[in-house]
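Participant: need the 3D shape of this:
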Amino acid sequence: MKETLLTITGNIPLTANVYRLSLRGEGLELHRPGQFVNIALAGRFLRRPISVFDQEGEELRLIYKTVGAGTDQLSRMRTGEKLNVLTGLGNGYDLSRAGEAPLLLGGGAGVPPLYLLARELLKAGKTVHAVLGFNTEAEVFGEADFRALGCEVTVVTADGSHGRKGFVTDAFPENYSYFFTCGPEPMLRAVYRTAKTDGQFSFEERMGCGFGACMGCSCRVKDPEHPGEIRYKRICREGPVLEKGEILWDA
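Facilitator: Prediction:
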């Protein structure tokens, strides 16, 4: 984790309430796809955690959804303004278990962290299939980005207005070696029930500090080394990525 001051180089809308924020600066301290940053905003007590869409050198791109006063404030910031950012947070995805044909499943605001993951998997010679799920055509973003990387891309919308009609679980391919997913909890639960292989889940969770001190985002997980026993993980520090075998769903 590192605190750094980054300069906004772009902050543009992709849909009615989804924005791409481009930042530049030193000390990004990002080591794995799936990690996130925590942004301080003037007048706001808590930072805003946002997953990383892409990073190269001193350039960082984030995609975020405006869901409250904080992210609305962020959407109104302009090129040249500076942000205090904690970078290198969370564990990120472990690419070593991907196999040769990994499947990426993203829902809505869960799509962004899969882009950098896809890029790294393709760089490693993997064949990547990305399934991107949205409610309606007006909410779709990222499709062209994933195609430009070289992924096979399937877009699904709940109302059928773009791509296939249905949910990400309706678009599982016949063959894949492993899966990575991020999205709202109902989607993650459905993926858990549908998937035929092991995989990794990135959880969206309300956070306080973002680096494990406040314990506000702790969740119960199975202990794979001691079957039947339960332990706790902090989504912001030991997560946000959990392996399928350790997930313990709340009732």
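Participant: pLDDT wise, what is residue 214 at?
Facilitator: What the model reports as pLDDT for residue 214 is 64.
Participant: kindly report the same for residue 141.
Facilitator: On pLDDT, residue 141 comes in at 98.
Participant: what's near enough to touch it?
Facilitator: 14-15, 18, 63, 111 (C-beta atoms under 8 Å, 6 or more residues apart in numbering). Where you see a C-beta, it was placed from the backbone N, CA and C, and this is true even at glycine.
Participant: am I right that it is in a strand?
Facilitator: No: in this structure, residue 141 is coil, not part of a strand, as judged by DSSP: H, G, I helix; E, B strand; the rest coil.
Participant: pipe the contacts of residue 141 into a markdown table and attach secondary structure per row.
Facilitator: As requested, those are arranged in a markdown table below (three-state DSSP):
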| residue | secondary structure |
| --- | --- |
| 14 | coil |
| 15 | coil |
| 18 | strand |
| 63 | strand |
| 111 | coil |
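Participant: among those residues, which pair sits farthest apart?
Facilitator: Farthest apart among the contacts of residue 141 by C-beta to C-beta are 15 and 111. That separation is 11.4 Å.
Participant: more neighbours: which of those two?
Facilitator: Shown here are residue 15 and residue 111; by other C-beta atoms under 10 Å, residue 111 has more neighbours (28 against 14).
Participant: relative to residue 188, how far out is the closest residue to the more buried one other than its chain neighbours?
Facilitator: What sits nearest to residue 111 in space, not counting adjacent residues and going by C-beta to C-beta, 6 or more residues apart in numbering, is residue 142, at 5.0 Å. From residue 142 across to residue 188, the span is 18 Å (C-beta to C-beta, to the nearest Å).
Participant: ok, residue 88 next?
Facilitator: From residue 88 across to residue 188, the span is 24 Å (C-beta to C-beta).
Participant: then residue 128?
Facilitator: When distance is defined by C-beta to C-beta, residue 128 is 20 Å away from residue 188.
Participant: I'd say the residue nearest to residue 111 and residue 110 touch.
Facilitator: No: Residue 142 lies out of contact with residue 110 (C-beta atoms under 8 Å); the separation is 10.7 Å.
Participant: now the helices for the chain?
Facilitator: With DSSP state H as the criterion, the chain has helices at 69-75, 113-123, 143-149, 185-194.
Participant: most tightly packed of those helices?
Facilitator: Burial of the helices of the chain is given as mean neighbour count (mean count of other C-beta atoms under 10 Å); helix 113-123 ranks first at a mean of 22.
Participant: and that one, what does it pack against?
Facilitator: Packing contacts for helix 113-123, counted by 3 or more C-beta pairs under 8 Å, 6 or more residues apart in numbering; DSSP states H and E, involve strand 48-56, strand 102-107, helix 143-149, strand 178-183.
Participant: just the CA trace of the longest one, in PDB.
Facilitator: Read that as strand 48-56. What follows is the C-alpha trace of strand 48-56 in PDB, where atoms were taken according to Å, rounded to 0.1, in the frame of the first residue of the first chain:
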ATOM      1  CA  ARG A  48     -13.900   5.700  -2.000                       C
ATOM      2  CA  PRO A  49     -12.600   2.300  -3.100                       C
ATOM      3  CA  ILE A  50     -12.500   1.800  -6.900                       C
ATOM      4  CA  SER A  51     -11.200  -1.200  -8.800                       C
ATOM      5  CA  VAL A  52      -8.400  -0.700 -11.300                       C
ATOM      6  CA  PHE A  53      -9.400  -1.000 -15.000                       C
ATOM      7  CA  ASP A  54      -5.900  -0.700 -16.500                       C
ATOM      8  CA  GLN A  55      -2.400   0.500 -15.500                       C
ATOM      9  CA  GLU A  56       0.800   0.900 -17.400                       C
END
